[in-house]
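K.L.:
Output the structure for:
(one chain, ligands or ions: 1)
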Amino acid sequence: MSKPASAVRLDKLLANLGYGSRRDVQAMARAGRVTLDGAALPTAEARVAMTPDLAARLQIDGTPLDPLPGIVLMLNKPLGMTCSHKDEGALVYSLLPERWRLREPPISSVGRLDKDTSGLLLLTDDGDLLHRIIAPKTHVPKRYQVGLARPLRGDEADLFASGTLTLAGEAKPLLPALIEIHTSTQAALTITEGRYHQVRRMFAATGNHVVTLHRDRVGALDLPADLAVGTYRALGLDAAALIFPQ
Ligand code: URA
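P.N.:
Sure thing, here's the model as predicted:
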């Protein structure tokens, strides 16, 4: 038997989705702005069952509710934006609807891409899923398309696959990584760790310099060709199955 959906107080749910304080939400209900299945809810003190269809059935000012907690997004990160919540300058979170930035639990990036890296970035408010993807012991493969300043030396595939390469300032060697060579200055690199500036530092260890870096795969999930730069798409309830297929 499937687990019954948990019930939550409407004022708590809406406040945590960023619609305002509990007091604001209460006032919205009293004003008849909150409807369930077309009927106005006179009070936000009622409890509602968190069924997957709630976001469609519950409307605010005639607009379906934002996605319920458990959101997983894939974003095509543009160059020049940072993944931090509080850096100066352009943040990836500015690409999301303003209200989504007020959610509790917050939507956070799953790991980070450098400011100068583009491509597939997952975002979620699901702490368990986030940790499952970034936990060092999980080894989710991440593939990067790399443009280099200088031609490859020729020994990169063996060196990166060896499991003996140690990055400057670190003691622990990197896990084996897979390089697929496209041209003398272009390659795809798949790594299963997430060390600081890992791809750039791996090529720096070979005397090269990464000029362009773009992530196009995380786990089994490819960046969709039709996902425009700077836009995002929500993954469904099967997000984990898309990232970690059986
Ligand atoms: N490795 C890097 O050097 N930068 C990234 O953004 C991701 C992996």
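K.L.:
So which bits of this protein are right by the ligand?
P.N.:
By Cβ under 6 Å from any ligand atom, the residues of the chain that approach the ligand are 113-114, 117, 197-200, 213. Glycine gets a C-beta too; all of them are placed from N, C-alpha and C.
K.L.:
Mind checking which of the residues you listed are in helices?
P.N.:
Judged by DSSP state H, helices contain the following of the residues of the chain next to the ligand: 198-200.
K.L.:
Okay, now the unreliable bits of this structure?
P.N.:
Filtered on pLDDT under 70, the chain yields the residue ranges 1-3.
K.L.:
run the last query once more with 90
P.N.:
1-6, 52, 84-89, 135-138, 236-246 (pLDDT under 90).
K.L.:
In CSV, list the residues of the chain next to the ligand along with neighbour count and distance to residue 74.
P.N.:
Formatted as CSV, the residues of the chain next to the ligand follow (neighbours: other Cβ atoms under 10 Å; distance: Cβ to Cβ, whole Å):
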residue, neighbour count, distance to residue 74
113, 23, 12
114, 16, 18
117, 21, 15
197, 13, 22
198, 17, 21
199, 19, 20
200, 18, 23
213, 21, 18
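K.L.:
Now tabulate these in TSV and tack on distance to residue 238.
P.N.:
Shown next, in TSV, are the residues of the chain next to the ligand (distance: Cβ to Cβ, whole Å):
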residue	distance to residue 238
113	24
114	29
117	27
197	32
198	29
199	29
200	33
213	29
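K.L.:
okay, now the domains of this structure?
P.N.:
Domain assignment for the chain, taken from automatic domain parsing, gives 7-64, 72-136+220-243, 142-218.
K.L.:
Need the distance between the two termini of the first one.
P.N.:
End-to-end distance of domain 7-64 (Cα to Cα, to the nearest Å): 19 Å.
K.L.:
do stretch 224-236 as well
P.N.:
One end of stretch 224-236 sits 15 Å from the other (Cα to Cα).
K.L.:
That stretch: which residues count as buried?
P.N.:
Applying a neighbour-count criterion of 16 or more other Cβ atoms under 10 Å, one finds 232, 235 buried in stretch 224-236.
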